[in-house]
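Q: output the structure for:
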Amino acid sequence: AARGAQAVEGTGGGTQAVEGAQKRVREARKKVRALRVDIEHHEKQARLHTDRAKRKQRELDELESEGTGGAPEDQLNTSARAPKKGFRCHGCRLMHSGITSAC
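A: Numbers count the residues shown, from 1 in each chain. A predicted model of the protein is given here:
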């Protein structure tokens with residue numbers, strides 16, 4: 001009868017095991033939540049980078065189509081530090097958008 005009473009009240013030797021299991025479950029849930037947030041962040045960054053890459057490609061296509069005949073690919077200064085208004089021309093060393101064969 002005494003053992004039955006202990007089981008009903010929730011006292012006795014089993015409580016530590018239950019508390020340990022609950023702690024593990026809480027930690028696992030915390031880890032899952034953190035991983036979901038991390039995954040969401042990385043997916044958002046990937047979308048952002050894809051959009052940015054598409055925009056840059058469109059910009060490059062526009063610049064190439066503006067030029068008269070176009071310049072060799074290696075003469076295009078497409079470094080990340082190039083200002084937004086255009087590229088430094090290898091012929092005249094001035095900043096302008098588009099490729100002009102006159103320089």
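Q: burial measure for residue 63, as a count.
A: Residues near residue 63, counting by other C-beta atoms under 10 Å, number 17. C-beta coordinates here come from the backbone N, C-alpha and C atoms, glycine included.
Q: lowest confidence element among the helices and strands of this protein?
A: The weakest-scoring helix or strand in the chain, judged by mean pLDDT, DSSP states H and E, is helix 2-9 (a mean of 53).
Q: and the next helix or strand past that helix?
A: Sequence order places helix 15-66 as the next helix or strand after helix 2-9, per DSSP states H and E.
Q: for that next one, give the mean pLDDT please.
A: Helix 15-66 carries an average pLDDT of 93.
Q: for that helix, packing partners?
A: Helices and strands touching helix 15-66, as assessed by 3 or more C-beta pairs under 8 Å, 6 or more residues apart in numbering; DSSP states H and E, are absent.
Q: measure residue 49 to residue 30 for me?
A: 29 Å (C-beta to C-beta, to the nearest Å).
Q: pLDDT value on residue 89, please?
A: 67.
Q: understood, closing this out.
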